[in-house]
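>>> Here is a sequence together with a model predicted from it:
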Amino acid sequence: MSHDDLSQHPQHPAFPDDFIADPYRHVEPPDDLGDVDDRFVFDFRAYDDLEDGQRWSTWLSVEPLCRGPEPLPDWVVTSQGAMDTELGVLKTGKEADVHLVERADPLDLAAGVVMAAKRYRSPEHRTFHRSASYTEGRSMKRSRDERALKRKSTFGRQVAAGEWAVSEWGALVRLWNLGLPVPYPVQIDGTEILMEWITVVDENGAVETAPRLAQTRPSPELLAAYFEQLTDALATMVQNGVVHGDLSAYNILAAGERLVIIDLPQIVDLVGNLNGMNFLQRDCANICGWFRSRGLEVDEHALFAELMAHAF
């Protein structure tokens with residue numbers, strides 16, 4: 001009997017109820033399985049039922065380019081036998097919802113991590129405002145997809161959902177590789193992006209989601225340090241020809257003394273997009289307006305001029 005044959009019989013009586021095998025080593029199957037190669041590796045994933053809200057890890061089921069950039073952080077779980085467990089909704093939005101998902105290997109209690117799963121909404125439940133201005137200069141790989149997008153057909157809306165997920169994934173990978181403060185992108189699978197969960201530890205030692213910058217009231221010293229961090233990040237972005245496009249204190253997380261930029265599906269090309277300069281100006285105005293409201297005297301025009309000096 002072949003491995004494929006066995007996968008069609010998850011309740012095969014030759015395996016006792018408590019049979020568990022390590023998917024990383026060769027195991028001896030029960031004697032009454034028939035003609036089985038001695039090197040057969042039993043994959044217990046096909047034989048164990050999962051509870052509601054659980055799935056097997058999708059790490060190995062996606063293409064290599066759909067996994068995070070090397071080198072992988074040591075907290076990323078790549079085990080074939082790992083399970084994903086839904087922990088609840090972290091945030092809801094107009095275009096996507098963010099859930100918390102724990103990925104853990106039941107055979108290795110030390111291998112487990114909680115990640116943020118950003119899932120773009122189905123076409124009938126989501127709308128990207130001003131999407132045409134953000135996608136200016138982008139091209140689709142298939143002309144059929146591009147025509148569907150222009151017609152705004154049902155298929156076109158499905159293409160759009162995938163397009164924005166792919167756009168954010170590409171932005172996360174690119175900015176992470178540039179050393180910018182963004183969540184580590186673990187993997188993308190369809191319209192779901194798994195990424196690093198940005199956290200802080202409260203006064204009682206409990207781990208919780210890092211607050212948005214807009215929710216904080218940092219000291220004058222930390223406020224100045226935050227603005228310097230953002231200036232450096234924006235300078236690196238424009239040096240590499242990209243603009244966030246929707247930057248504000250609401251899509252920046254304050255993780256202690258460091259800031260982390262999130263929500264990147266609308267990232268635009270500074271030069272290739274006709275609206276690139278306008279988006280950069282708006283980002284500067286939004287950021288400087290918030291910092292002024294917290295008592296730091298900064299000027300959006302001066303910031304824009306400084307960034308332009310880095311860009312050209």
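Cool, got the structure.
>>> what's near enough to touch the closest residue to L264 other than its chain neighbours?
Distance criterion C-beta to C-beta, 6 or more residues apart in numbering; nearest residue to L264, sequence neighbours excluded, is A171 at 4.0 Å. Where you see a C-beta, it was placed from the backbone N, CA and C, and this is true even at glycine. Neighbour list for A171: V182, V242, L264, P265, I267 [criterion: C-beta atoms under 8 Å, 6 or more residues apart in numbering].
>>> between these, which is nearest L280?
Within these, the smallest distance to L280 is 9.8 Å, found for V242 (C-beta to C-beta).
>>> tell me the contacts of the closest residue to the closest one other than its chain neighbours?
Taking C-beta to C-beta, 6+ apart as the measure, V242 lies nearest to I267, with 5.6 Å between them; neighbours along the chain are not counted. Going by C-beta under 8 Å, 6+ apart, I267 touches S167, E168, A171, V242, V243, H244, G245.
>>> Closest to L178 out of these?
Each of the contacts of I267 was checked against L178 using C-beta to C-beta; the closest is V242, at 9.1 Å.
>>> Domain-wise, how is the chain divided?
Structural domains annotated on the chain: 56-197, 203-312, as defined by automatic domain parsing.
>>> Just the terminal-to-terminal distance for the last one.
Translated: domain 203-312. 45 Å (C-alpha to C-alpha, to the nearest Å).
>>> hmm, back to that, helix or strand: which one has the residue nearest to L264?
helix 154-177 (DSSP states H and E).
>>> same thing with F304?
Using DSSP H and E, F304 sits in helix 300-311.
>>> now do D84
With the criterion set as DSSP H and E, the secondary-structure element containing D84 is strand 83-92.
>>> Ok, A116 next?
A116 is located in strand 108-120, with elements delineated by DSSP H and E.
>>> From the chain's centroid, how far away is that strand?
11 Å (C-alpha atoms, centre = their mean, to the nearest Å).
>>> do stretch 291-310 as well
29 Å.
>>> before we move on, the earlier item: what's the PyMOL line that selects buried ones from the contacts of A171?
Here is the PyMOL command that picks out the buried ones among the contacts of A171, judged by 16 or more other C-beta atoms under 10 Å:
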select buried, resi 182+242+264+265+267
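>>> out of the contacts of A171, which one sits closest to L213?
In terms of C-beta to C-beta, no member of these lies closer to L213 than V182, at 14.3 Å.
>>> Test my guess that the closest one contacts I262.
Yes. Under the criterion of C-beta atoms under 8 Å, V182 lies in contact with I262, with a separation of 7.1 Å.
>>> Need phi/psi at V200.
With angles defined as degrees, to the nearest 10, V200 sits at phi -130, psi 160.
>>> so where's the chain uncertain?
In the predicted model, the chain carries pLDDT under 70 at residues 1-49, 122-161.
>>> one more time with 50
Low-confidence segments of the chain, defined by pLDDT under 50, span residues 1-30, 33-44, 47, 125-126, 128-130, 140, 142, 145, 147-149, 153-156.
>>> List of residues touching stretch 94-112?
Where contact means C-beta under 8 Å, 6+ apart, the residues beyond stretch 94-112 that reach it are 20, 22, 57, 59, 77, 79, 81-92, 113-121, 126-129, 164, 194, 197, 265.
>>> Please repeat the previous calculation with a cut-off of 7 Å.
22, 57, 77, 79, 81-91, 113-121, 126-128, 164, 194, 197 (C-beta atoms under 7 Å, 6 or more residues apart in numbering).
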